[in-house]
Structure formats: C-alpha cells, structure tokens
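Q: no FASTA, just this:
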C-alpha cells in the first residue's frame, strides 16, 4: 500500500488591500506598494510589481459575490506557465471604507481560455478541514464555488470573461 504524499497544512492565507495607503499586505506580513486600485460595484482591482522569482507583476480582481480572486501573473520568460487566469477561492470583503481583506480557502482553478480548466489543491482543502482550520460548511462552500465556477466557465467555451460578462462583470487588465 502506497502512502499519499504529505500536504503542507497551513492556516488560511489572509491578505489586506489598503486603498488609501496604496499598499498590499501579503499573508506573510510583507507590505508592498500598489500601482493601482480600482473599485467597481462587483469588486476590487489591484495591480502591482512583484519581487517573486517567477513573475514580475500581478493583477487581481477580488470578486466578493462569487467568492473568487481572478489573477493574471506576468511571468519572467523562463517561468511562463500555460494559463491565462488563476482563480483563488475564498472570502473577499471590504472591511472598511478604504480597506479590503481576502481569506484564501485553498482551492484554486487554472483557466486556459478556449481549452480547459484545472482544479488545484483539493488535498490542501481536505487537510485544512481535517486539521480544524476550516469548518465543514466552509469546505463545502469552497467545493460548491469551485464546481459552479468550473461549470460556468466550461458552458461559456472555457472563457472566464464570457462567463463573468453574463453575470454583469466586465474585468479590465493592464
């Protein structure tokens, strides 16, 4: 009998977006300058440079009503990935007039426009639930959001933009 690979069990990643200060505080507490924020009725857009070894710029939309964060990573040429959008699932909310918060619920979806979607980190979700870091209700909600998102994108020719436009959301990117 083979043993499943171990999973890095960690608390949900929490991030803050301070519009007044034009900063983004990542899950490790690093505060980074933000180039641009844009607030729309359906969510918050953020664009900033990155000091990550694989990408130099990140753009994200927090979409609270859909429990999604849609991101475009601008990778360095040697680290390019076969993906158009990266979706994080979780809780995204405005926690003050000039402050937003995200709480990641482990599941992620890679979108390759016109081709497919890929659900990632189911093992992390299950391990977090088993460790008591997510309630059964939160884990179930994450699975339901993932299923509805994947179904919606697939029903729209694997187009995130088309699916969102059908819900009255028009994302813009740099």
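A: Sure, I can see it. Only a predicted model underlies this, so the values are computations on that prediction, with no experimental measurement involved.

Q: residues in contact with the longest helix seen in the chain?
A: Ranked by residue count under DSSP state H, the longest helix found in the chain is helix 136-155. Identification of contacts with helix 136-155 by C-beta atoms under 8 Å, 6 or more residues apart in numbering yields 66-68, 87, 89-90, 105-107, 109, 111, 117, 119, 125-126, 128-129, 134, 159-160, 163, 166. Just so you know, the C-beta spots here come from the backbone N, C-alpha and C atoms, and that holds for glycine as well.

Q: so which elements touch the helix or strand containing residue 58?
A: Taking DSSP states H and E as the criterion, residue 58 maps to strand 55-63. Applying 3 or more C-beta pairs under 8 Å, 6 or more residues apart in numbering; DSSP states H and E, one finds that strand 55-63 makes contact with strand 43-49, strand 68-75.

Q: how many neighbours does residue 33 have?
A: Applying other C-beta atoms under 10 Å, we find 10 residues neighbouring residue 33.

Q: how far away is it from residue 65?
A: 28 Å (C-beta to C-beta, to the nearest Å).

Q: also residue 44?
A: 12 Å.

Q: circling back: if you count neighbours, what's buried in the longest helix of the chain?
A: Across helix 136-155, burial judged by 16 or more other C-beta atoms under 10 Å covers 138, 139, 141, 142, 143, 145, 146, 149, 150, 152, 153.

Q: partner strands of the strand holding residue 58, parallel or antiparallel?
A: strand 43-49 (antiparallel), strand 68-75 (antiparallel) (DSSP bridges).

Q: TSV for those, including mean neighbour count?
A: TSV is the format used below for these (neighbours: other C-beta atoms under 10 Å):
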stretch	mean neighbour count
strand 43-49	19
strand 68-75	20
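
Q: helix or strand right after the longest strand along the chain?
A: Counting residues, the longest strand found in the chain (DSSP state E) is strand 99-112. Using DSSP H and E, the helix or strand that directly follows strand 99-112 along the chain is strand 116-120.

Q: may I have the secondary structure class of the one residue sitting closest to the centre of the chain?
A: Nearest to the mean C-alpha position of the chain, by C-alpha atoms, centre = their mean, lies residue 88 at 2.4 Å. Put simply, residue 88 is strand when judged by DSSP: H, G, I helix; E, B strand; the rest coil.

Q: who touches the closest residue to it other than its chain neighbours in this structure?
A: Of all residues not flanking residue 88 in the chain, residue 69 sits nearest, at 4.2 Å (C-beta to C-beta, 6 or more residues apart in numbering). Each residue near residue 69 by C-beta under 8 Å, 6+ apart is listed here: 60, 61, 62, 63, 87, 88, 89, 90, 92, 102.

Q: try 10 Å this time
A: 15, 43-44, 46, 60-63, 86-90, 92, 102, 104, 108 (C-beta atoms under 10 Å, 6 or more residues apart in numbering).
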